[in-house]
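# the sequence isn't on hand, but the structure is:
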């Protein structure tokens, strides 16, 4: 019984530590989740300072945090991302990009020059692609582009069709 009284007597220190920990995590993630949890911890601290028992402090903190996460966080995230650049970047920008085979591409190795000017190590899921063939990036596997042919076997694309694909 004495342990419970000691914990309740010093609970405000626990709330402060929890609030500070959540704020530090929020600064690293910038996702507003831990900010809402720290505000919930602030509600728990407030209820402790008003003399509420520990079990009620925890319930109040959890309820406030849950309400904030469900009600306040979504509009804050929308507002934060409102001016975001919709342009794809990094690997996402390479998916679907066209290119030309530079050296024979097989299931293990090869090279392609992509439409953005980069030369990538490439491979196919099956078959071989000869130099000069048009390809499209289907996925990126580490530092290797997995490509598929844009040409039917035994045909050469018409120069006008090259830009339409």
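Ah, there it is. Because the structure is a prediction, the values reported are computed rather than measured.
# output the below-cut-off pLDDT ranges for this structure.
152-165 (pLDDT under 70).
# buried sites along the longest helix along the chain?
In the chain, with assignment by DSSP state H, the single longest helix is helix 11-29. Residues of helix 11-29 classed as buried: 11, 14, 15, 18, 19, 22, 26 (neighbour count, 16 or more other CB atoms under 10 Å). Just so you know, the C-beta spots here come from the backbone N, C-alpha and C atoms, and that holds for glycine as well.
# name the residues linked to the closest residue to residue 150 other than its chain neighbours by a beta bridge.
Once flanking residues are discounted, residue 150 sits nearest to residue 134: 4.2 Å by CB to CB, 6 or more residues apart in numbering. Beta bridges link residue 134 to residue 100, judged by DSSP bridges.
# for residue 134, give its distance to residue 60.
Residue 134 sits 63 Å away from residue 60, going by CB to CB, to the nearest Å.
# again, but for residue 129
Applying CB to CB, the value for residue 129 to residue 60 is 64 Å.
# list the contacts of the following helix or strand past the longest helix of the chain.
Later in the chain than helix 11-29, the nearest helix or strand by DSSP states H and E is helix 33-49. Contact with helix 33-49 is made by 11-12, 15-16, 18-19, 22-23, 25-26, 54, 56-58, 60-66, 68-69, 72-73, as judged by CB atoms under 8 Å, 6 or more residues apart in numbering.
# residue 132 - how many residues pack around it?
For residue 132, the count of nearby residues is 10 (other CB atoms under 10 Å).
# my read: it touches residue 100, true?
Yes - between residue 132 and residue 100 there is a contact at 6.5 Å, judged by CB atoms under 8 Å.
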